[in-house]
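**Student:** Predicted model and sequence follow; I will ask about them next.
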Amino acid sequence: MVFKKMMRAFGVGGPSVDTVLANPNTRPGLTLDGQVKITGGDHDVTIEQVVLGLVTRVESEHGDGFVEFHRVPVAGGFQLRKGEQRDLPFSFPVPWETPITHVYGQRLHGMTMGLRTELAVAKAVDKGDLDEVAVHPLPAQERILDAFAQLGFRFKNADLEHGGIYGVRQQLPFYQEIEFFPPPQYAGGINEVEVTFIADPSGVEVILEFDKRGGFLTAGHDAYGRFRVSHAEADTANWTSVVESWVSEAAGRYQGLRSGHGGFPGGHGGHGGYGAFGGGHGHHGHVRRGHGMGMGGMAAGVAGGIVGGMVLGEVAEEVFEDDGGDFEE
């Protein structure tokens with residue numbers, strides 16, 4: 001992916017920037033590598049700073065907005081001569097908690113992610129354009145999403161919510177929710193399932209929220225589960241069986257919900273322990289919003305189970321262009 005743009009803040013004849021990513025595809029914990037190519041204008045200037053930043057759309061109580069959540073300086077404090085070409089290589093670290101934007105090569109509806117180049121000259125700052133970035137799941141994340149698809153869950157929506165999850169250590173000021181509709185065998189007890197991944201260098205924290213239907217004399221409520229898997233253990237478990245046990249317990253197939261401590265039925269203790277499901281509200285400390293979309297069918301199998309249920313969003317370039325280049329810091 002390449003973008004080239006005359007920097008607005010510096011007027012006609014100012015420097016231009018051409019940012020080239022070697023590969024726009026990445027995963028949490030990896031890097032985005034490339035070069036920032038700066039071309040001098042019709043006069044000498046002093047480049048005070050060149051900064052790269054990851055930008056995404058986050059929901060909050062005040063509505064949707066673009067947020068830059070990770071910044072890395074590339075260079076600063078050098079003279080750029082008239083017409084001079086300066087190439088600045090970079091290796092941009094992608095935070096472990098960076099949300100997933102693509103699964104099986106398809107962009108999740110509701111997700112946008114871009115790498116922004118910011119250039120500062122003589123106290124004027126231009127934030128330039130955005131290069132679309134595709135963040136693919138870690139192996140553990142992918143195995144769990146596969147398991148939901150194998151069980152017949154259909155993708156509903158993905159979004160980013162401002163705030164934190166109670167009891168979970170987070171570095172970023174938001175978290176991702178990947179929402180699924182249940183298959184027919186669970187539809188009588190569950191309205192939907194929300195999956196949140198919080199990754200770090202040693203593993204992935206997985207938070208599950210089940211929106212449970214009410215019964216004849218009982219009100220509907222939410223059930224929550226939390227567990228952790230190390231990166232090394234991603235390929236060691238039968239994830240379809242493990243996820244099925246979580247869903248079955250949440251749906252009340254194992255003598256109802258547990259409100260105390262303990263493990264999931266059928267769980268594997270070697271994965272650091274699985275927290276029990278509990279009922280209640282306000283687990284994430286915010287007011288939830290519904291963003292249900294229609295479903296579409298594509299290929300069969302696991303990929304079809306997830307990708308086939310996705311409604312692909314707008315092309316990221318169009319989203320960023322429509323925004324007019326103004327982003328919330």
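**Tutor:** On my side now, so go ahead.

**Student:** How about residue 170, nearest residue that isn't a chain neighbour?
**Tutor:** The shortest distance from residue 170 to any non-neighbouring residue, by CB to CB, 6 or more residues apart in numbering, is to residue 164 (5.2 Å). Heads up, the C-betas are built off the backbone N, CA and C, glycines and all.

**Student:** wait, the one you found sits on residue 172?
**Tutor:** No. Counting by CB atoms under 8 Å, residue 164 does not reach residue 172; the two are 9.0 Å apart.

**Student:** Give me the more crowded residue out of those two.
**Tutor:** When neighbours are counted by other CB atoms under 10 Å, residue 172 comes out ahead of the other of residue 164 and residue 172, with 20 against 17.

**Student:** Backbone torsions only: list them for the residue lying closest to the more buried one once chain neighbours are set aside.
**Tutor:** Nearest residue to residue 172, sequence neighbours excluded (CB to CB, 6+ apart): residue 97, at 4.6 Å. Dihedral angles of residue 97 (phi, psi; degrees, to the nearest 10) stand at phi -90, psi 0.

**Student:** circling back to that earlier point, name the element the residue nearest to residue 170 belongs to?
**Tutor:** Here residue 164, judged by DSSP states H and E, is contained in no helix and no strand.

**Student:** So for it, what's the pLDDT?
**Tutor:** Here, the pLDDT recorded for residue 164 equals 91.

**Student:** Next: residue 191.
**Tutor:** Per-residue pLDDT puts residue 191 at 87.

**Student:** Also residue 283?
**Tutor:** Looking at residue 283, the pLDDT reads 40.

**Student:** try residue 169
**Tutor:** In the prediction, the pLDDT value recorded for residue 169 is 91.

**Student:** before we move on, what about the one 5 residues further on?
**Tutor:** At residue 174, the predicted lDDT confidence score is 94.

**Student:** Same check on residue 327?
**Tutor:** So residue 327 comes in at 38 (pLDDT).

**Student:** Kindly export the lengthiest strand in the chain (C-alpha atoms) in PDB.
**Tutor:** Assignment by DSSP state E gives strand 45-60 as the longest strand of the chain. Output of strand 45-60 as PDB, limited to C-alpha atoms (Å, rounded to 0.1, in the frame of the first residue of the first chain):
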ATOM      1  CA  VAL A  45      13.300  23.300   5.200                       C
ATOM      2  CA  THR A  46      14.000  21.800   8.600                       C
ATOM      3  CA  ILE A  47      12.100  18.600   9.300                       C
ATOM      4  CA  GLU A  48      11.500  18.700  13.000                       C
ATOM      5  CA  GLN A  49       9.900  15.300  13.400                       C
ATOM      6  CA  VAL A  50       8.400  12.400  11.400                       C
ATOM      7  CA  VAL A  51       6.000  10.200  13.400                       C
ATOM      8  CA  LEU A  52       3.900   7.200  12.500                       C
ATOM      9  CA  GLY A  53       0.700   6.400  14.400                       C
ATOM     10  CA  LEU A  54      -2.000   3.600  14.300                       C
ATOM     11  CA  VAL A  55      -5.500   5.100  13.900                       C
ATOM     12  CA  THR A  56      -8.800   3.300  14.300                       C
ATOM     13  CA  ARG A  57     -12.500   4.000  15.000                       C
ATOM     14  CA  VAL A  58     -13.700   3.600  18.600                       C
ATOM     15  CA  GLU A  59     -17.200   3.900  20.100                       C
ATOM     16  CA  SER A  60     -17.800   5.900  23.200                       C
END
